[in-house]
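**Student:** Okay, here's the prediction I keep looking at, along with the sequence it came from:
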Amino acid sequence: MPYTKADDRHGWVQDPESTFDHQSHTAEDADFPLAESGDRGSEHLAYYPTR
């Protein structure tokens, strides 16, 4: 099964106005703010530890 190794460029989009809402995406071609706060924030996946 293919997977993506997340790094500091990857985020989980939580912006209902974005075409990438509820998806993993990088800042490239982003239509969402690269902030972790506010109604249109995103989570940086690299901040979460691996198991």
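**Tutor:** Noted; the coordinates are in hand. Residues are numbered from 1 along each chain as shown.

**Student:** so where's this protein shaky on pLDDT?
**Tutor:** Counting by pLDDT under 70, the ranges of the chain that qualify are 33-34, 36-37, 50-51.

**Student:** Show me the strands in it, by range?
**Tutor:** Remark: strands assigned in the chain by DSSP state E are 10-13, 24-26, 42-44.

**Student:** Of the ones you listed, flag the one that's most buried.
**Tutor:** Mean neighbour count (mean count of other C-beta atoms under 10 Å) peaks for strand 10-13 among the strands of the chain, with a mean of 20. Every C-beta, even on glycine, is put in place using the N, C-alpha and C of the backbone.

**Student:** residue nearest the centroid of the protein?
**Tutor:** The chain has residue 11 as the residue nearest its centroid, 1.9 Å off, counting by C-alpha atoms, centre = their mean.

**Student:** Looking at the strands of the chain, spot the one closest to residue 35.
**Tutor:** Among these, the nearest to residue 35 by C-beta to C-beta is strand 42-44 (7.1 Å).
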